[in-house]
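Participant: Turn this into a model:
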Amino acid sequence: MTARLLLAASLATPAFAAPPPLAPGAKPVQLAAESAGEGPVWRGGALLFSGGGKISRWQPGGAGVTVYRDPSGGSNGLRFDREGRLIVCEAGNRRVTRIEKSGEVTVLADRFEGHRFNTPNDLALDSRGRIYFSDPRYGKRDGMELDVEGVYRIDAPGHVVRILGKEVERANGVLVSPDDRYLYVADNNNNNVGGARKLWRFTLQQPAGTVQPGSRRLIYDWQDGRGPDGVKMDNAGRLFAAGGLNKPHPPAETDRMKGGIYVLSPEGKLLAFVPIPRDEVTNCAFGGADGKTLFVTAGGSLWSVATGAGGSWMLK
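Facilitator: Numbering: from 1, shown residues only. All right, here's what the predicted structure looks like:
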């Protein structure tokens, strides 16, 4: 059984006893002070992340941060596929690409129905290797060709399907559960008074990979704080969502929901909170030798915290 299938089986077993979400006495540790803006992903003993117009690499053992790819097309979300190829949300170039092992770049998606994407932001893969990505637009909105800030699925290069449109205001972080049953979407309409700051769960219909109509369920609401960004799941099915603020951004966001990682049960109960003293807390990823280290990007800095169950299934 793969790690993904083992997790799916354990979640279906009522007697499954999970370790605590965080290791005893765990506290966040800063690893790097710059260039860690978004998109962390662990592979081959090192962490990649986006920031400063490039993709950087951090490796434990004192090597520090080195440049992995520059320029990166304004990269944001990063993820490796089953063949070890890096998939990149190139927000600056408004496309999703794959870096082949030869170093060549394959464009997986750059348009939908003839219109350029807004700014592809985050991505996730299902067990079939299909890619789900969000397409919000933050900042200046001139030049937008799509009036939907939803979620798309890539089945093959150039074959793109929109699976969420107006069901969300502005899709950001995305996550597919290990059994391909659920799609989690961070609906993050920050900088707008009254905008959505919610984490939703949608049921995926298989084998099609489409969203079941009427299946939207609210998992957690950041209310008038900064909404959720990146979201990951550990081996016990708990959600680790980046969100909140340490300093208010009036009039749109308060600091009532502090900046950090919100650890949630599958039903949306807040189980733990990891404070990160930098704004804005953007994303996280499991990694390390045993998959039990959670890496966090926040305000251009990189942090880590030890977890209890880890997320090794996400590294496969």
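Participant: how about the helices in the protein?
Facilitator: Secondary structure of the chain (DSSP state H): helices at 3-11.
Participant: Can you pull the poorly scored residue ranges out of the stretch 201-316 of the chain?
Facilitator: For the stretch 201-316 of the chain, the stretches flagged by pLDDT under 70 are 316.
Participant: what's near enough to touch Asn190?
Facilitator: Asn190 makes contacts with 138, 197, 226-227, 249, 252-253, as judged by CB atoms under 8 Å, 6 or more residues apart in numbering. (C-beta placed from N, C-alpha, C; glycine too.)
Participant: By neighbour count, which of the residues you listed wins?
Facilitator: Most neighbours among these, by other CB atoms under 10 Å: Gly227, with 29 neighbours.
Participant: List the beta-bridge partners for the residue nearest to that one when sequence neighbours are not counted.
Facilitator: Once flanking residues are discounted, Gly227 sits nearest to Arg197: 2.9 Å by CB to CB, 6 or more residues apart in numbering. With DSSP bridges as the criterion, Arg197 is bridged to Asn188.
Participant: Thr297 now?
Facilitator: Thr297 has the following beta-bridge partners by DSSP bridges: Asn283, Leu302.
Participant: Just to check, it is in contact with Glu34?
Facilitator: No: checked against CB atoms under 8 Å, the pair Thr297 and Glu34 is beyond contact range at 11.2 Å.
Participant: Looking at those two, which has the bigger crowd around it?
Facilitator: For Thr297 versus Glu34, the count of surrounding residues by other CB under 10 Å is larger for Thr297: 30 against 13.
Participant: quick revisit: what's the separation between the residue nearest to Gly227 and Tyr220?
Facilitator: 9 Å (CB to CB, to the nearest Å).
Participant: Among the contacts of Asn190, which ones are in strands?
Facilitator: Arg197 (DSSP state E).
Participant: from the contacts of Asn190, which is closest to Met314?
Facilitator: Top of the list for closeness to Met314, among those and by CB to CB, is Gly227 at 22.3 Å.
Participant: Now do the same contact list for that closest one.
Facilitator: 172, 186-190, 195-198, 243.
Participant: Equivalent analysis for Ala272, please.
Facilitator: For Ala272, the contact set (CB under 8 Å, 6+ apart) comprises 20-22, 263.
Participant: Could you tell me which of these count as buried?
Facilitator: If you count burial by 16 or more other CB atoms under 10 Å, the buried members of those come out as 21-22, 263.
Participant: Residue ranges in the stretch 1-150 of the chain under the pLDDT threshold?
Facilitator: Along the stretch 1-150 of the chain, the parts satisfying pLDDT under 70 run over 1-16.
Participant: could you pull out the strands for it?
Facilitator: 29-36, 38-43, 46-51, 54-59, 64-69, 75-80, 86-90, 95-99, 105-109, 111-112, 115-116, 123-125, 131-134 (DSSP state E, counting those that start in this stretch).
Participant: so which of the ones you listed gets nearest Val151?
Facilitator: Closest among the strands of the stretch 1-150 of the chain, once you apply CB to CB, is strand 131-134, at 5.4 Å.
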